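Asks: Curious how this folds, go ahead:
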Amino acid sequence: MKSSRNAGTTTSSRFFSRALIAAAAGFLLPFCVAFAAAPADAKTAAASLSEDDKKCLDCHSSEGLKKRLTNGDLLSLHVRGGEFEKSVHIEIGCGGCHSDVDLDKHPGARKNIASAREYAIAMGQVCRTCHKAKFKQYEGSIHAALVREGNKAAPVCSDCHGSHTIGPKAAYETIAGVPCKNCHEAIFDAYVGSMHGQARGKLGHVQAPICSDCHRAHEVSTVSLGNRLRDACLACHKNAAGAHDKWLPNSRRHLEVVSCPSCHAPTAQRRVELRLSVDKDALARMAKRARSIDAQGNDLDPVALWNLLREFNREGTAEKPTLRGRMVARTGVEAHQLADKTKAVRDCDSCHRQGADPFQTVTVSIAGPDGKPVRIGAGKEVLNSVISVDSVGGFYAIGGTRIKLLDILLALAVLGGISVPIGHLMAKRILGKRLKKENAAENPQVQIRDLPGDRSDGSDVPKQQEK
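Replies: Residues are numbered from 1 along each chain as shown. As a prediction, the model looks like this:
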């Protein structure tokens with residue numbers, strides 16, 4: 001009985017304990033849910049603002065607070081406190097970026113700031129302190145190269161991330177938050193209407209690519225360099241190369257010389273771009289030369305193109321300038337109008353026929369030292385001129401581009417190459433027979449059966465037989 005009572009007492013205690021825990025959980029659950037549902041920044045904002053931050057905002061939260069700079073620009077000093085509290089930089093506070101400010105002496109002596117642009121560039125160097133890897137990527141980008149050239153539209157850190165409202169990484173990976181649209185509005189609108197933009201926006205597929213997935217966020221380079229964009233497509237569409245093999249003749253060659261949007265943006269007009277590759281030593285000189293040609297407004301004809309290449313060959317550059325041809329969409333806007341794969345161009349005749357539209361517009365592209373391409377218009381005849389054969393060697397395929405003159409020339413070259421050894425053998429046999437006859441006529445007593453070098457054993461001793 002004692003054991004039974006003890007067991008009963010234990011069971012009752014456990015029941016009571018569980019009931020008490022359940023009641024407590026039921027009482028606290030609404031508060032826990034409400035706290036969990038609250039935005040993370042709302043939970044920490046009040047606690048995150050230091051006393052020094054509050055002192056800063058006492059003045060800088062005032063609307064209309066501005067500073068006149070040396071060049072006459074007005075630099076806004078207004079900071080919206082509520083937005084700053086939501087920034088990821090709330091953890092380091094105002095002093096994290098403005099460590100040169102002494103609150104006890106602020107504002108102190110007037111600082112000479114040349115312009116708002118110069119101030120933004122200088123403050124961008126502060127970002128390097130914490131974001132060394134990202135800043136190094138940015139320094140190698142086309143954006144940084146343009147900044148160094150003095151391009152006032154080229155973005156610095158604050159142009160994309162803001163000054164005091166810097167959000168988390170995820171904020172820049174949404175249709176509404178991507179900063180690229182501020183400068184590339186027309187291209188961004190084309191992207192939004194594309195299958196990628198529709199999937200990312202209306203359908204909510206976060207796997208669908210956005211600007212930074214193809215162009216990268218900080219190390220943005222020009223699309224005319226290398227195969228990075230093609231590789232970006234194949235990285236997502238891993239089975240694309242194999243799928244093309246099933247129906248597209250010489251599919252690997254197509255992937256090399258035809259850009260993806262040429263077929264997958266069916267409404268886009270296309271052109272042939274001859275990309276000029278040259279060693280770095282000659283790059284600046286060639287880009288300068290190309291700019292002068294472009295400024296004249298004259299399209300390159302075959303002779304002018306040949307002279308341009310010869311000009312740099314003559315200078316003894318380490319690498320011979322070569323042209324690599326590609327078919328691309330005519331504009332960046334059209335290149336982003338990608339459609340569903342069921343609407344892709346599959347009509348070979350759209351390119352592989354005499355006078356096909358894509359071959360009517362030709363440009364020569366040279367990447368300048370900053371990576372930005374310099375494009376020169378070229379006449380369509382540069383693709384089918386006799387002196388252009390060497391220029392378009394990396395692009396042309398016999399019977400593929402329907403350039404009849406080059407097809408004929410290449411066919412003649414092949415026939416000529418085959419005919420030389422055949423002609424040599426035939427001439428040798430004819431000449432050998434003729435020599436036999438002449439020797440037989442001059443020496444009727446001797447019958448020459450074989451001439452020197454004609455014996456099967458390789459001996460040069462002729463076999464003679466006297467009558």
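
Asks: which stretches of this structure form strands?
Replies: If you assign secondary structure with DSSP state E, the strands in the chain sit at 66-68, 74-76, 270-277, 322-329, 362-367, 373-378, 446-448, 464-466.

Asks: Dump those into TSV; add distance to Leu412, mean pLDDT and mean neighbour count as well.
Replies: All C-beta spots, glycine's among them, are computed from the backbone N, C-alpha and C. Conversion of the strands of the chain to TSV gives the following (distance: least, C-beta to C-beta, whole Å; pLDDT from 0 to 100; neighbours: other C-beta atoms under 10 Å):
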stretch	distance to Leu412	mean pLDDT	mean neighbour count
strand 66-68	75	91	12
strand 74-76	70	91	12
strand 270-277	24	86	22
strand 322-329	22	85	20
strand 362-367	25	84	22
strand 373-378	25	83	19
strand 446-448	40	51	15
strand 464-466	46	46	9
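
Asks: would you turn these into CSV with distance to Lys437?
Replies: Formatted as CSV, those follow (distance: least, C-beta to C-beta, whole Å):
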stretch, distance to Lys437
strand 66-68, 108
strand 74-76, 103
strand 270-277, 58
strand 322-329, 54
strand 362-367, 60
strand 373-378, 60
strand 446-448, 10
strand 464-466, 16
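
Asks: List just the one of those strands that sits closest to Asn239.
Replies: Of all the strands of the chain, the one in closest proximity to Asn239, counting by C-beta to C-beta, is strand 322-329 (22.8 Å).

Asks: Run through the neighbouring helices and strands of that closest one.
Replies: If you count contacts as 3 or more C-beta pairs under 8 Å, 6 or more residues apart in numbering; DSSP states H and E, strand 322-329 packs onto helix 251-257, helix 260-264, strand 270-277.

Asks: show me where the stretch 101-250 of the chain has helices.
Replies: Here the stretch 101-250 of the chain has its helices, by DSSP state H, counting those that start in this stretch, at 116-127, 132-139, 142-148, 157-161, 185-193, 195-200, 211-215, 228-236, 240-245.

Asks: between those helices, which one is nearest to Lys67?
Replies: helix 116-127 (9.6 Å).

Asks: Give the other helices and strands that that closest one contacts.
Replies: Counting by 3+ C-beta pairs under 8 Å, 6+ apart, the packing neighbours recorded for helix 116-127 are strand 74-76, helix 157-161.

Asks: if we can go back for a sec, between the helices of the stretch 101-250 of the chain, which gets nearest to Met286?
Replies: Once the helices of the stretch 101-250 of the chain are compared by C-beta to C-beta, helix 142-148 is nearest, at 17.0 Å.

Asks: any idea how far the closest one is from the chain center?
Replies: Averaging C-alpha positions (C-alpha atoms, centre = their mean, to the nearest Å) puts helix 142-148 16 Å from its chain's average.

Asks: Just the residues contacting it, thanks.
Replies: Residues outside helix 142-148 that contact it (C-beta atoms under 8 Å, 6 or more residues apart in numbering): 121, 138, 153-156, 220-222, 370-372.

Asks: With stretch 57-70 instead?
Replies: Judged by C-beta under 8 Å, 6+ apart, the contacts made with stretch 57-70 from elsewhere in the structure are 49, 74-81, 84, 112-116, 119.

Asks: what do you get if the cut-off is 10 Å, keeping everything else the same?
Replies: With contact meaning C-beta atoms under 10 Å, 6 or more residues apart in numbering, stretch 57-70 is reached by 49, 53-54, 73-82, 84-85, 94, 106-107, 110-119, 164.

Asks: Kindly export it (C-alpha atoms) in CSV.
Replies: As requested, C-alpha coordinates have been extracted for stretch 57-70 and formatted as CSV (Å, rounded to 0.1, in the frame of the first residue of the first chain):
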residue,chain,number,x,y,z
LEU,A,57,20.1,63.5,-33.9
ASP,A,58,19.0,66.4,-31.6
CYS,A,59,20.4,68.7,-34.3
HIS,A,60,20.6,66.5,-37.5
SER,A,61,17.0,65.3,-37.3
SER,A,62,16.0,68.9,-38.1
GLU,A,63,14.7,69.1,-41.7
GLY,A,64,16.3,71.7,-43.9
LEU,A,65,19.7,71.5,-42.1
LYS,A,66,22.3,72.2,-44.9
LYS,A,67,25.9,73.2,-45.4
ARG,A,68,27.1,75.4,-48.3
LEU,A,69,30.2,74.0,-49.9
THR,A,70,33.2,75.6,-51.6
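
Asks: list the buried ones in that stretch?
Replies: The neighbour-count check on stretch 57-70 (16 or more other C-beta atoms under 10 Å) flags 57, 60, 69 as buried.

Asks: And the helices in the stretch 251-400 of the chain?
Replies: Listed in chain order, the helices of the stretch 251-400 of the chain (DSSP H, counting those that start in this stretch) span 251-257, 260-264, 280-296, 302-314, 332-335.

Asks: Out of the ones you listed, which is closest to Gly177?
Replies: Distances from Gly177 to each of the helices of the stretch 251-400 of the chain were compared by C-beta to C-beta, and the smallest falls on helix 332-335, at 21.5 Å.

Asks: I figured Ser385 hits Leu300, correct?
Replies: No - assessed by C-beta atoms under 10 Å, Ser385 is found out of contact with Leu300, at 11.1 Å.

Asks: Neighbour count: these two, which is higher?
Replies: Neighbour count, other C-beta atoms under 10 Å: between Ser385 and Leu300, Leu300 has more, with 23 against 20.

Asks: Enumerate every residue touching the more buried one.
Replies: When contacts are counted by C-beta under 10 Å, 6+ apart, Leu300 touches 274, 290, 293-294, 306-308, 362-364, 376-379, 381-382.

Asks: Among the residues you listed, which one lies nearest to Asn439?
Replies: Proximity to Asn439 was ranked across those by C-beta to C-beta; first place goes to Trp306, at 53.2 Å.

Asks: So Cys183 sits against Cys160, correct?
Replies: Yes - the pair Cys183 and Cys160 passes the contact test of C-beta under 10 Å, sitting 9.4 Å apart.

Asks: So those two - more neighbours on which side?
Replies: A count of neighbours by other C-beta under 10 Å puts Cys160 above the other of Cys183 and Cys160, at 18 against 14.

Asks: measure the more buried one to Tyr172 for me?
Replies: 8 Å (C-beta to C-beta, to the nearest Å).

Asks: possible to save the helices and strands packed on strand 322-329 as JSON lines with distance to Leu435?
Replies: As requested, these are arranged in JSON lines below (distance: least, C-beta to C-beta, whole Å):
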{"stretch": "helix 251-257", "distance to Leu435": "50"}
{"stretch": "helix 260-264", "distance to Leu435": "62"}
{"stretch": "strand 270-277", "distance to Leu435": "54"}
